[in-house]
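# Pasted the sequence and its predicted model underneath.
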Amino acid sequence: MKIAVAEINLTALLHNIEVIRKLAPTSKILAMLKANAYGHGYLEIAEALTNVDAFGVARLEEATKLRTAGIQKSILLLEGFFDKTELLTIAEQQLETVLHTKQQVLDFINADLPRPVKVWLKLDTGMHRIGLPPSDFEFCYKALFQHKNVLGLMTLMTHMACADEQDNPLNQKQLSLFNKLAGDLPCEHSIANSATIMSIPAAHKDWIRPGIMMYGASAMSDSDAAEHDLKPVMTLKSSVIAVRDVKQGDSVGYGATWTASEDTQVAIVALGYGDGYPRNAENGTPVLINGTEYPLVGRVSMDMITINVGVNAQVNIGDEVILWGDGLAIERVARHAHSISYELLCGLTGRVKKQFSY
Ligand SMILES: *Cc1c(COP(=O)(O)O)cnc(C)c1O
């Protein structure tokens, strides 16, 4: 029996990259591998991604493990170094770094490095998370321009806050500010995450930075991935371990939060929040058994969930269950759990076995 298995379809991954290439044919691709490649297994994903130009991670350890595994491609640290000692490793391992505060820029130009490092200078254009405020940008740019510690051309970057909402006025505001401050400088330029790739072609620039769409989920708030010809890379599966009768008026699960309104049958599936299935998935969250959708009922337990399959269901012990992926868009599951696909994917726990295939 398949119990808590995440099947990773590398053909779908490569297909999604081709979809992305068609959307932004002249841009280079920095593929996001942070957070264990959104839960997919970053070493295997890195090895499979032969058709991208660079990788993005959030922690130095993720980058050094990729190097140790023999990955030679450019690897960018999205938040740069957290203390100065990391900078030495960045240079030694030939990693690339984002610089997003004035202090980081000063530490960088004052460092005694064994070799120059490629720099992505990050400007905050309105998200107000990380990035230089416009008032610090010119100083930092000039301090870095043609500095001995900077390898080759710098990339100037920013990050969009609301690109998943096509009509949000902040999009144009951020784009205009970036173009005004950075657009004409002799550097490469980068703005676009998945939502921006999908909805704002003028923001594609030299480097696009896809994450979620590469894994086959939609970045847009109003559409599922299939509408964009993206294919789910992960299909999360488990199996039915019991099927039982429940009488009208019987409640199911912890807290007795669901009561059968008529006689029915409930299938018990071996997978729960201990595997990363969201505990706040509500009654009615879709689950696929033998190609038919059934509603989850009752609370999600640590190791099990309960599914209302109806009195006449042809559901048996050992039947395979799909929680999301092929045939069941993760966005739909996420909506029922008051979450987003990103969080569901990243939240898978270590006990879910990954099976990679083409
Ligand atoms: C994670 C990340 C992305 C990718 O975002 P998606 O919405 O998953 O496409 C792009 N740029 C930066 C700086 C990021 O941290």
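On my side now, so go ahead. Numbers count the residues shown, from 1 in each chain.

# buried sites along the helix or strand hosting residue 241?
Secondary structure assignment for residue 241, by DSSP states H and E: strand 234-246. For strand 234-246, burial by neighbour count (16 or more other CB atoms under 10 Å) applies to 234, 235, 236, 237, 238, 239, 240, 241, 243, 246. The C-beta positions use only the backbone N, C-alpha and C, and glycine is treated the same way.

# my guess is residue 98 meets residue 77, correct?
Yes: the pair residue 98 / residue 77 is scored as a contact, 6.2 Å apart, by CB atoms under 8 Å.

# Output the buried residues of strand 234-246 as a markdown table; include the columns pLDDT.
Converted to a markdown table, the buried residues of strand 234-246 look like this (pLDDT from 0 to 100):
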| residue | pLDDT |
| --- | --- |
| 234 | 98 |
| 235 | 98 |
| 236 | 98 |
| 237 | 98 |
| 238 | 98 |
| 239 | 98 |
| 240 | 98 |
| 241 | 98 |
| 243 | 97 |
| 246 | 97 |
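
# and which of these is nearest to residue 207?
For the buried residues of strand 234-246, the residue nearest residue 207 by CB to CB is residue 234; the value is 25.4 Å.

# Identify the residues contacting the closest one.
The contact partners of residue 234, by CB atoms under 8 Å, 6 or more residues apart in numbering, come to 6, 7, 8, 9, 39, 40, 215, 216, 324, 325, 330, 345.

# Take the residues you listed and keep only those in strands.
6, 7, 8, 9, 324 (DSSP state E).

# Would you confirm that residue 166 contacts residue 219?
No: contact criterion CB under 8 Å: residue 166 and residue 219 do not qualify, at 11.2 Å.

# more crowded one of those two?
For the pair residue 166 and residue 219, the greater number of neighbours falls to residue 219 (25 against 14), based on other CB atoms under 10 Å.

# Who are the contact partners of that one?
163, 164, 193, 194, 195, 197, 198, 212, 213.

# Check residue 55 too.
Neighbouring residues of residue 55 by CB under 8 Å, 6+ apart: 30, 31, 32, 33, 46, 49, 66, 71, 73, 74, 75, 76.

# ok, so of those residues, who is nearest residue 349?
Once CB to CB is applied, the member of those that ends up nearest residue 349 is residue 33, at 19.1 Å.

# was I right about that closest one contacting residue 48?
No: in this structure, residue 33 is not within contact of residue 48 by CB under 8 Å, at 11.0 Å.

# near the ligand, anything from stretch 31-43?
Yes: Stretch 31-43 reaches the ligand (CB under 6 Å from any ligand atom) through 32, 34.

# Ok, stretch 319-337 next?
No: judged by CB under 6 Å from any ligand atom, stretch 319-337 makes no contact with the ligand; its nearest approach is 13.1 Å.

# That stretch: which residues count as buried?
So, applying 16+ other CB under 10 Å, buried residues of stretch 319-337: 319-326, 328-331, 333-334, 336-337.

# Can you list which of those are found in helices?
Judged by DSSP state H, the subset of the buried residues of stretch 319-337 located in helices is 330, 331, 333, 334, 336.

# Spatially nearest residue to the residue in the chain positioned nearest to the ligand (excluding sequence neighbours)?
Closest to the ligand within the chain is residue 211: 2.3 Å, counting by CB to the nearest ligand atom. Once flanking residues are discounted, residue 211 sits nearest to residue 32: 3.5 Å by CB to CB, 6 or more residues apart in numbering.

# Repeat that for residue 260.
Closest to residue 260 by CB to CB, 6+ apart is residue 246, at 4.8 Å.

# May I have the beta-bridge partners of the one you found?
Partner residues in beta bridges with residue 246, using DSSP bridges, are residue 264.

# can you give me the strands for the stretch 251-358 of the chain?
251-252, 258-259, 264-269, 286-289, 292-297, 305-308, 320-324, 353-357 (DSSP state E, counting those that start in this stretch).

# Who are the packing partners of the fifth one?
By that I understand strand 292-297. Other helices and strands packing on strand 292-297, by 3 or more CB pairs under 8 Å, 6 or more residues apart in numbering; DSSP states H and E, are strand 286-289, strand 305-308.
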